[in-house]
Every structure is written in structure tokens, then in C-alpha cells.
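1. What follows is a predicted structure for the sequence shown.
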Amino acid sequence: MNGWQTLFYKEVLRFWKVGFQTVAAPVITAILYMMIFGHVLEDSEKVYGQVNYTAFLLPGLVMMSVLQNAFANSSSSLIQSKIMGNLVFLLLTPLSHRAWFVAYVGSSIVRGLAVGSGVMLVTWWYAQPSLVAPLWILVFAILGAALLGALGLIAGLWAEKFDQMAAFQNFIIMPMTFLSGVFYSIHSLPPFWQRVSHLNPFFYMIDGFRHGFFGVSDVSPWLSLGIVAVALAGVSALALHLLRTGYKIRH
Amino acid sequence: MPAVSFQNVSKTYRSSRGELQALRGVSFDIEPGEFFGLLGPNGAGKTTLISILAGLARPSAGQVRVLGHDVQTDYQAARRQLGVVPQELVFDPFFNVREALRFQSGYFGIHQNEAWIDELLEGLGLADKAGANMRQLSGGMKRRVLVAQALVHKPPVIVLDEPTAGVDVELRQTLWQFISQLNRQGSTVLLTTHYLEEAEALCGRIAMLQLGQVVALEKTSDLLRQASSNVLRFKTDQPLPRELASMARVTGRVVQLPAHNALEVERWLAQAREAGVVAEDVEIRKADLEDVFLEVMEKASRAGAAA
């Protein structure tokens, strides 16, 4: 094992040791969404003219869980270590900025996929969506988790207090996920809000992910893939730069 | 090649409240195998200097090398040579002692480190705590784990930043026994401490910092020799006359006055008597590092005020 593998393993073990909070809790939350929205909106119009609402909702909930938990993993680990002071154990090691990046983003992907799979498993009997293109599902889940893991890394470096972290999460991450089409197809929106939704990179992650289930989506999965890849490259470049310069961690 | 080399190191912290110059052109070398003490009052820049050495802070100017490796441009090699015990009592609450030591080894790319980890646990009196979660340990035990974590990769240069601040006698003894043994086996040790008797007992050479500058850099024995050779010590309940009070070190009832020779001893006692001071338990002792420290600090501030 190299240094980065140790850090990756430690980061995975960190969330696994508190699995009730980091894996089981978000799965329960997703089931509640599924039960409530599924029940209330069961009889609404079919989406894309063929998919019933509960089946449509499932991939959205799965992806939302993947994204939120990937973000929570890197961001909470970093801010806790900063506030507890134990980040110093890492700062004293020869680990490079790339090693930090791979370990933190990698463990975020693992947590995102663990929660996502959990949500999928327990909601499956509720509504069995089709699985038209599983490869798209996997690609968007991994890229989305990586993007949010890298964003969480940036937020974790930037925030100095839990309050600032909560602001980042509640004022940026939450609205962007909720308004990205988790609960609805953006084609049901008025034209103005459709255009606004197209500016939200989260929309492409969820739309592309959903394409893997139904084979239909609001935009082409290739367009979504391109936009998600560009966003991931940009956010990763920023995260690597901040790590290399020791932003707020090396004075 | 020096074990540690500081060359013209300066550090300025900028904040909204203005600039703080923590270090002003600090230069000195520590040779391999030395037990080196870095002393100075709070705010002198000791921790800043160590942070720059460890890569936790960057110098505003100057260079720091560990066994020839620059801590900025060649940081990976420099950090492999360095074991740093941080001043703050920090720990990772998710893991037990052995896990913490295994992870720390892993970060340095070392696996199958169990034999050395066992030796560290044994040497630092942690053997029966290996399976305990970090949260359950007392402050002293956490401090021992910090020392063990700094040593997992067998660094040739060991840095201890006030390791005995607020710890009990037993731990101090265990710690110094262990560190001295490593020093005898060839490790270089850099120590900052507020306990001057510790520095006097352990360190072969000492640098004193004040306001970010080196104000003394000598062998401990030479420093002690230079100082006013004796100290007159007595206890009293009365206030001292002004001329004695200005040079005395007073701790509760205990008064200590530097005295270079027998004539001075007589003179100070006479002045005390004339002022109506009743001296009890009168002794004359050799000056120790604390006296030297106070003398150097006072001289440096006078020089600073004159400049």
C-alpha cells in the first residue's frame, strides 16, 4: 500500500465506523421521500408519456443520495479534522496534494455509491424501473459522486466553522440538488424555469443517470456526460490547486 | 551536513489587524546527534520556527533544510527525516492507539511496522493501552501517543514542541528516558520547553529566541559559565529596598539575587539588614539556566530598547 491508499482506507473506515449515521440514516430518509411523494403523486400524469411517477422518482432519489453523501463525506471529514486539530497528523506526512485528492474524493465515491445502492435496494420493491442502460447509471453515479466529493473537499478547506459548512451545504448544495429535477421532469416547468434548470450542472447528472434506467431523458446523455466531465475537471483543478498551495491549512 | 539548518528565516503574519513579524532573520544549524534546546518566552517565535521546519507554515524569507532537503521544494524527503510532536494535545477520535500508529506508518508508506510499533508502545508505557480508543485516554496517555505517532517512521531528526507542558512527573521521566536513548543511538533532538531545568539537564547546546531573533546560541556549559557565577537566596516577609528589588527575582517569600563574588554577597546582605529586612534560610548557590535565561532576556531587551 502506498501513502494514498492508507489515507483512502482510513477515510472509508472513518465513515464505516459510524455507518448508522453515514449510510443507514440517508437510506431511511430516501425511503420516507419515496413513501410520501410516491403516495401523494402516484396518480399524477405519466412522465415522458410512459413512466409512472414512482418509478420516475426512484432514480432521482438514488442520485440525490449519492450526491449529498459524497459531498458530506469529504467536507465533514476535513472540517472535523481541522477543528479537532488532528489534521496535523496528515500535514506532517510526505503525502502529496494528489494523494490527498485521490483519497478524499475516492472515499466520497465509495460512500456515495454505498448509500445509493442502499436506497436502490430498499426502494426497488416500491417501483421497479427498467434498467435500459446500466453503464450510463454507473458512469453518472461515479462522476457525480466524484464531482461532489471534490466540491466537499473545497468546502472543507474553505470553511473555518461548522456554521460556514452548514451555509455551504444548505444554501448551495441543497437548492442545486432539489431544483435539478429529482422530483419532477423539467419539461413540466414553464419555459423560463426550464432555461434556468439548464444552467444547473446537477440537472445533467440526474438526467443522465435517469437515462440509464428509462432510455429517455430531458436532454441527450452525451450532452450530460460532456457537461458533467467539464464541471468535474474544473472543480478538481481548483481542489488540487488549493491542496497544493495549502489553502487555509498551511500558513 | 547539518541535521537541521535555518538560514535567514523570517516570517510575517498578515491579518486584518495588521502585520506581525514572528521571526526576523533566524539562522543556526543543528548538527547530527545533538540534543538541542530552543528556549524563549511566549511569543518569541519558537513554535513558528518549528512549524516552518515541519511544513505547517511557510517562511516569508529564508531557507530551512533537514539533512540537506529543503522543507519547501523537497518536502517529501524532508518530512521523512522528521518526527514532530506537536504542542497541542490532538487525536483522532475514530480510532484506537494501535490503529492510529498503523495509519501514521502507512502515510509514510511503511507497512508491516508491528515490531517497531510494539517497541514504541513498550518504551512509552502504552503497551496495555494499545486497544483503547483515543477518547478514553487521559491527557498524559494522549501525549505519549503523540510521541509514538511522531516516531513511527524512525525519523533521524526528532522535534518536540513543549512535550512536557502540564504532564506529570512519571511521564516526564518515561519520555526523557526514551528520547535520551534514541539520542544516544544517533537521533538528533530539537526540544522547546518552558522547564529550564529540563533543558539544562538534557540539551548539549541551546538557542534562545526573543521577539523573533536569536539572542544566544551556545553550549549549555558555556552559557552557565558566563552567567553571574553565584546566586544569593533567602526568605523574607519584608519588602526589599529599591536597589535590591530592581535586580532580585522574587517568588513569594523567596528572594534570589545575582552575586559575582563574596564582596557582593556581603553588600546585598548589609543593604537588606539596613532596610530592616530579616533574611531567613540564607544560601548561596551556583547560577542555573533560569538565571542565565533571565539575564540574556534582560540584556537583549535593553539592547533592543537602546536600538
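-> Alright, I've got the coordinates. Numbers count the residues shown, from 1 in each chain, chains lettered A, B, ... in the order given.

2. Which of the helices or strands spans residue 206?
-> No chain was given, so I picked chain A. With elements taken from DSSP states H and E, the one containing A:Ile206 is helix A:201-214.

3. not quite, I wanted chain B
-> Counting by DSSP H and E, the secondary-structure element that holds B:Ile206 is strand B:205-210.

4. low pLDDT regions in chain B?
-> Along chain B, segments meeting pLDDT under 70 span B:227-228, B:304-307.

5. that older thread, elements contacting the next helix or strand after the helix holding A:Ile206?
-> If you walk from helix A:201-214 toward the C-terminus, the next helix or strand you reach (DSSP H and E) is helix A:221-245. Secondary-structure packing of helix A:221-245 (3 or more Cβ pairs under 8 Å, 6 or more residues apart in numbering or on different chains; DSSP states H and E): helix A:97-123, helix A:134-158, helix A:201-214. C-beta: built from backbone N, CA, C; applies to glycine.

6. I'd like the mean pLDDT over the last one, please.
-> This means helix A:201-214. Per-residue pLDDT values over helix A:201-214 give a mean of 92.

7. Quick one: work out the angle between that helix and helix A:134-158.
-> Angle, helix A:201-214 to helix A:134-158, by axes from the mean of the first three to the mean of the last three Cα atoms, to 10 degrees: 160 degrees.

8. doesn't B:Ala165 make contact with B:Gly140?
-> No - using Cβ atoms under 8 Å, B:Gly140 makes no contact with B:Ala165, being 11.4 Å away.

9. So these two - more neighbours on which side?
-> In terms of neighbours (other Cβ atoms under 10 Å in any protein chain shown), B:Gly140 is the more surrounded of B:Gly140 and B:Ala165; the figures are 17 against 14.

10. Can you tell me the SS state at the more buried one?
-> Classification of B:Gly140 by DSSP: H, G, I helix; E, B strand; the rest coil places it in helix.

11. how near is it to chain A?
-> Here the distance between B:Gly140 and chain A works out to 18 Å (Cβ to the nearest Cβ, to the nearest Å).

12. quick one: contacts for the nearest residue to that residue once chain neighbours are set aside?
-> Nearest residue to B:Gly140, sequence neighbours excluded (Cβ to Cβ, 6 or more residues apart in numbering or on different chains): B:Leu171, at 4.7 Å. Neighbour list for B:Leu171: B:125, B:140, B:143-144, B:164 [criterion: Cβ atoms under 8 Å, 6 or more residues apart in numbering or on different chains].

13. any idea which residue sits dead centre in the chain?
-> In the absence of a named chain, this looks at chain A. Centrality entry for chain A: nearest residue to the mean C-alpha point is A:Leu67, 1.2 Å, by Cα atoms, centre = their mean.

14. Correction: the question concerned chain B.
-> B:Thr192 (1.6 Å).

15. list the contacts for that one?
-> Counting by Cβ under 8 Å, 6+ apart, B:Thr192 has contacts B:37-40, B:46-47, B:50, B:160-162.

16. Out of those residues, the closest to B:Gln185 would be?
-> Of all these, B:Leu160 has the smallest distance to B:Gln185: 16.3 Å, by Cβ to Cβ.

17. Against chain A, how distant is that closest one?
-> Applying Cβ to the nearest Cβ, one obtains 13 Å for the distance of B:Leu160 from chain A.

18. cool, and B:Ala275?
-> Between B:Ala275 and chain A the distance is 52 Å, computed by Cβ to the nearest Cβ.

19. Surely that residue touches B:Pro241?
-> Yes - at 3.9 Å, B:Ala275 counts as touching B:Pro241 under the criterion of Cβ under 8 Å.

20. tell me, how many neighbours does the residue in chain B that chain A sits nearest to end up with?
-> Chain A sits closest to B:Gly106 of chain B, with a gap of 2.8 Å, by Cβ to the nearest Cβ. Counted with other Cβ under 10 Å, the neighbours of B:Gly106 add up to 23.

21. Name the nearest residue to it, ignoring sequence neighbours.
-> Distances taken as Cβ to Cβ, 6+ apart put A:Thr6 closest to B:Gly106, at 2.8 Å, once the chain neighbours are dropped.

22. Having no further points to raise, I will conclude here.
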